[in-house]
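Novice: Got a predicted structure plus its sequence, pasted below:
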There are 2 protein chains.
Amino acid sequence: MPSEQIENYLKNIYKIQSVEGKVSTSSLSEKLQISPASVSEMVKKLADEGSLTHTPYKGVELTESGKRAALKIVRKHRLWEMFLVEVLHFGWDEIDEEAEKLEHIMSGKMEDKIDEVLGFPSVDPHGDPIPTKSGTVKTIRSFALTDVEEGSTVRVVRVNDANAELLQYASSIGLSLNKKIALKQRMKFDNSLIIKIGSKEMTISATLAENIFVESV
Amino acid sequence: MPSEQIENYLKNIYKIQSVEGKVSTSSLSEKLQISPASVSEMVKKLADEGSLTHTPYKGVELTESGKRAALKIVRKHRLWEMFLVEVLHFGWDEIDEEAEKLEHIMSGKMEDKIDEVLGFPSVDPHGDPIPTKSGTVKTIRSFALTDVEEGSTVRVVRVNDANAELLQYASSIGLSLNKKIALKQRMKFDNSLIIKIGSKEMTISATLAENIFVESV
DNA sequence: CCAAGAATTTCGGTGCGCCTAAAATATAAA
DNA sequence: TTTATATTTTAGGCGCACCGAAATTCTTGG
């Protein structure tokens, strides 16, 4: 059984790998808030254990076994997030921190029970896919709200969960999962958008829009 | 915020104190499965921090502040146990181990949410009282099934949760919280009891009976 | 009362994950 | 291409909670 720190290393390597392709010591150090020196050491250890391959001074890549371990934790994290929202009625923006701790102490039995109570969900409250028990992840096709054409209507399928304040704000303006959004106008000078959610019209910044992912409706 | 090990030390000191009055290094060592040498060191540290008083070569006693910290953990443990049974449908005998991990990573907010979902319970699934948020514990008046008079009927209010196998067995014979038990006969040669639960008559060992606590009905 | 024997504490040491500072290597600008 | 700068790794160390062994102190039977 991997320790909590190892789980965190693997999970975050997986996440960086998904977004940036390449995983450097410094990006990991940044994400984990651990000194580059320590990360370098740990990476060596993980390479020895076969969870990843490491080319010194280059970068890191998860092995199959490392990826499997990472996906296990991602699954647990997202199941907990779902549980916190659905069963304990936590807000969108409060769940990441709690799930961060819970994911490491979740037995297989617990995982199954929670999965069952939730009705075997396929995405978490931010719209991120929940990996299956066997370790597959559904890719959700979507594009950023920034890229929507003026005049079209779309549906929110995912919100970037990297920033709690952003989530907090999004939810405060009624921008939540599965909501329909009509794009009225794009301002040329700063790319901010005038949108309509339900009957309410509002302006949102380009920065916010970059973190909202939608599909055509 | 106390670390996980410290929480475990305090919780177990509290438990031993409740049952045996005196808390020795060896009893703690036994319960925590940590060497006497290590326990002795940690006790010194806890004394320095003001959580307990320690008379070398004698024993240990929680201070008010130590007791408060211990009760916080006991409360969290029992809330989780309740939650595991009521919401996740775990069995009586499976919950202690899970709660043992969960208790240490429960934020105040989480505590409140769970308390609320459960309807502010006053006892856990074994009948042990859940300390209040302010740190008071209701004493439940009861006596061991061993001490019941022949012919009388009683109600189960608590089952000693120290042994999972015992819990497992108790539940398998339909002996659960709030069940009514009629004591038909006590065998003189080994103190085993013939009891009736509902319409079913059965024999239980004295050892089991010592761990079942009841009140008159 | 005194000498085992039992319980407790002290001592020296370990593993683990972290750190800072210094050395090695890679990258980019001149 | 060379050199300055940025990134990464190595070296040396630290704190924490643990350990076994040895020293100390308590307890109890003779």
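Specialist: Sure, I can see it. Just so it is clear, the structure is predicted and the values come from calculations on it, not from any experiment.
Novice: those helices in chain A, which residues are they?
Specialist: With helices called from DSSP state H, chain A shows them at A:4-20, A:25-32, A:36-48, A:64-86, A:95-102, A:108-117, A:164-172, A:206-210.
Novice: Write out the residues of chain A neighbouring DNA strand D.
Specialist: A:24-27, A:29, A:36-37, A:39-41, A:43-44, A:54, A:56-59 (CB under 7 Å from any atom of the strand). (Each C-beta comes from the backbone N, C-alpha and C, glycine too.)
Novice: mind running it again at 10 Å?
Specialist: By CB under 10 Å from any atom of the strand, the residues of chain A that approach DNA strand D are A:22-30, A:35-44, A:47, A:54-60.
Novice: Please convert the buried members of those residues into PyMOL selection syntax.
Specialist: Remark: buried members of the residues of chain A next to DNA strand D, expressed as a PyMOL selection using 16 or more other CB atoms under 10 Å in any protein chain shown:
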select buried, chain A and resi 23+24+25+27+28+29+39+40+42+43+47+54+59+60
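Novice: domains in chain A, as residue ranges please.
Specialist: A:4-62, A:143-216 (automatic domain parsing).
Novice: coming back round to it: close to chain B as well: tell me which of the residues of chain A next to DNA strand D qualify.
Specialist: Among the residues of chain A next to DNA strand D, none lies close to chain B by the criterion of CB under 8 Å from any CB of the partner chain.
Novice: same for DNA strand C: which of the residues of chain A next to DNA strand D are within range?
Specialist: A:24, A:29, A:35-43, A:55-59.
Novice: Look up how far residue B:73 lies from residue A:59.
Specialist: From residue A:59 over to residue B:73 the distance is 43 Å, taken as CB to CB, to the nearest Å.
Novice: ignore the last one, residue A:170
Specialist: 36 Å.
Novice: Same question for residue A:149.
Specialist: From residue A:149 over to residue B:73 (counting by CB to CB), the distance is 56 Å.
Novice: higher neighbour count, these two?
Specialist: Taking other CB atoms under 10 Å in any protein chain shown, residue A:149 and residue B:73 do not tie; residue B:73 has more neighbours (22 against 9).
Novice: Now that that one has come up, it's in contact with residue B:9, right?
Specialist: No - when contacts are counted by CB atoms under 8 Å, residue B:73 is not listed as touching residue B:9 (10.1 Å).
Novice: what's the overlap in contacts for those two?
Specialist: Overlap of the contact sets of residue B:73 and residue B:9 (by CB atoms under 8 Å, 6 or more residues apart in numbering or on different chains) is empty.
Novice: Show me which residues of chain A sit near DNA strand C.
Specialist: Counting by CB under 10 Å from any atom of the strand, chain A comes close to DNA strand C at A:2-6, A:8-9, A:24, A:29, A:32-43, A:45-46, A:55-59.
Novice: can you do 6 Å?
Specialist: Counting by CB under 6 Å from any atom of the strand, chain A comes close to DNA strand C at A:3, A:5, A:34, A:35, A:37, A:38, A:41, A:42, A:57.
Novice: what would the residues you listed look like in a markdown table with distance to residue A:116 and pLDDT?
Specialist: Conversion of the residues of chain A next to DNA strand C to a markdown table gives the following (distance: CB to CB, whole Å; pLDDT from 0 to 100):
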| residue | distance to residue A:116 | pLDDT |
| --- | --- | --- |
| A:3 | 28 | 94 |
| A:5 | 30 | 97 |
| A:34 | 36 | 98 |
| A:35 | 42 | 98 |
| A:37 | 44 | 98 |
| A:38 | 39 | 98 |
| A:41 | 40 | 97 |
| A:42 | 35 | 98 |
| A:57 | 47 | 94 |
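Novice: Closest one to chain B out of those residues, please.
Specialist: residue A:3 (13.2 Å; CB to the nearest CB).
Novice: List, one by one, the residues from chain A near chain B.
Specialist: Residues of chain A lying near chain B (CB under 8 Å from any CB): A:87-90, A:94, A:98, A:101-102, A:105, A:107, A:109-110, A:113-114, A:117.
Novice: please redo it, this time with the cut-off set to 7 Å
Specialist: A:87-90, A:98, A:101-102, A:105, A:107, A:110, A:113-114, A:117 (CB under 7 Å from any CB of the partner chain).
Novice: Compare the residues you listed and tell me which is most surrounded.
Specialist: Busiest of the residues of chain A next to chain B [other CB under 10 Å] is residue A:102, holding 24 neighbours.
Novice: now, the most widely separated pair of the ones next to DNA strand C among the residues of chain A next to DNA strand D?
Specialist: A:35 and A:55 (20.7 Å; CB to CB).
Novice: quick one: residue A:23 from residue B:5, how far?
Specialist: Taken as CB to CB, the span from residue A:23 to residue B:5 is 33 Å.
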